[in-house]
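J.: Next comes the sequence, and after it the predicted model I'd like to discuss.
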Amino acid sequence: MDREEQKRLAAVQAMRYVEEGGIVGVGTGSTVAYFIDELGKIADRIEAAVSSSERSSELLRARGIRVVDLNGAGTIPVYVDGADECDPHKRLIKGGGAALTREKIIAAASQKFVCMIDPAKRVDVLGKFPLPVEVIPMARSYVAREIVKRGGQPVWREGVVTDNGNVVLDVHGMRIVDPVATEREFNQIVGVVCVGLFAARPADVVLIGDQVMA
């Protein structure tokens with residue numbers, strides 16, 4: 001079974017967690033695009049969606065799904081998104097699509113976080129995928145120097161501006177054995193908006209194709 005079929009199957013599985021008549025949190029990325037396709041099939045049976053990116057908002061509206069602001073949505077029953085890496089404890093690296101800050105906010109505001117991945121995203125220790133860090137533009141060089149002090153090799157993702165108007169540093173060369181501590185430490189660097197570690201608030205459910213990760 002190829003990776004695209006695995007993504008599609010995970011999206012179909014994720015629909016089991018969607019509550020009819022409720023608001024659904026929707027992430028960003030290629031796997032989420034399959035989920036939005038599935039969600040469009042029941043557009044008349046959900047109230048609305050809260051989206052983590054302008055791109056996902058466009059896809060949702062194109063399928064007849066109303067997109068609402070998180071501030072007016074309150075606590076969301078379920079948030080569905082993908083990931084770039086997932087460890088055995090359901091802790092994640094996210095941000096390959098540069099939507100990490102909004103993704104983390106919606107995950108925090110949701111009762112259940114359902115993550116869809118293909119088998120290639122499973123790792124024993126996070127860090128093989130470069131860790132995205134969203135940074136205030138004027139702080140880019142300063143934050144990069146601070147990351148070097150912590151053992152990372154930051155690379156500016158040139159030409160990329162987040163939906164929040166910020167830049168992204170991708171941190172290479174890290175073996176993240178304590179993701180919660182690393183998330184906390186990077187968040188304390190002045191100028192960092194968000195780090196793409198979802199460890200303090202990991203996924204509740206991880207779907208790999210049509211299987212649920214134990």
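T.: Cool, the structure landed.
J.: nearest spatial neighbour of residue 185, skipping sequence neighbours?
T.: residue 150 (6.8 Å; CB to CB, 6 or more residues apart in numbering). Glycine gets a C-beta too; all of them are placed from N, C-alpha and C.
J.: Tell me how far that neighbour lies from residue 96.
T.: 21 Å (CB to CB, to the nearest Å).
J.: Comparing those two, which residue is more hemmed in?
T.: Neighbours per residue, other CB atoms under 10 Å: of residue 150 and residue 96, the larger number sits with residue 96, 21 against 13.
J.: what sits against the closest residue to that one other than its chain neighbours?
T.: Spatial nearest neighbour of residue 96, chain neighbours left out: residue 84 (4.6 Å); criterion: CB to CB, 6+ apart. Applying CB atoms under 8 Å, 6 or more residues apart in numbering to residue 84 gives the contacts 92, 93, 94, 95, 96, 121, 129, 196.
J.: now do residue 190
T.: Neighbours of residue 190 in contact, by CB under 8 Å, 6+ apart: 139, 142, 143.
J.: What's the per-residue pLDDT of it here?
T.: At residue 190, the model reports a pLDDT of 98.
J.: same deal with residue 214?
T.: 66.
J.: domain assignment for this structure?
T.: Domain assignment for the chain, taken from automatic domain parsing, gives 3-123+201-212, 131-196.
J.: Any idea how far apart the tips of the longest one sit?
T.: So the one you mean is domain 3-123+201-212. The first and last residues of domain 3-123+201-212 sit 16 Å apart, counting by CA to CA, to the nearest Å.
J.: which other residues reach stretch 119-126?
T.: With contacts defined as CB under 8 Å, 6+ apart, stretch 119-126 is touched by 3, 6, 83-88, 91-93, 175-177, 179, 197, 208-209, 213.
J.: Excluding chain neighbours, what is closest to residue 63?
T.: Nearest non-adjacent residue to residue 63 (CB to CB, 6+ apart): residue 40, at 3.1 Å.
J.: and the gap between the one you found and residue 149?
T.: For residue 40 relative to residue 149 (CB to CB), the value is 47 Å.
J.: between the two, who's got more neighbours?
T.: residue 40 (14 against 8).
J.: from memory the more buried one sits against residue 65, does it?
T.: Yes: in this structure, residue 40 is within contact of residue 65 by CB atoms under 8 Å, at 6.5 Å.
J.: show me what contacts the nearest residue to residue 59 once chain neighbours are set aside?
T.: Using CB to CB, 6+ apart and skipping the chain neighbours, the partner closest in space to residue 59 is residue 36 (4.8 Å). Residue 36 is in contact with 26, 56, 59, 60, 63, 65, counting by CB under 8 Å, 6+ apart.
J.: Now for the last one, how many residues are close by?
T.: Just to be clear, that refers to residue 65. Neighbour tally, residue 65, other CB under 10 Å: 22.
J.: same check, this time on the fifth one
T.: Per other CB under 10 Å, the neighbour tally for residue 63 reads 15.
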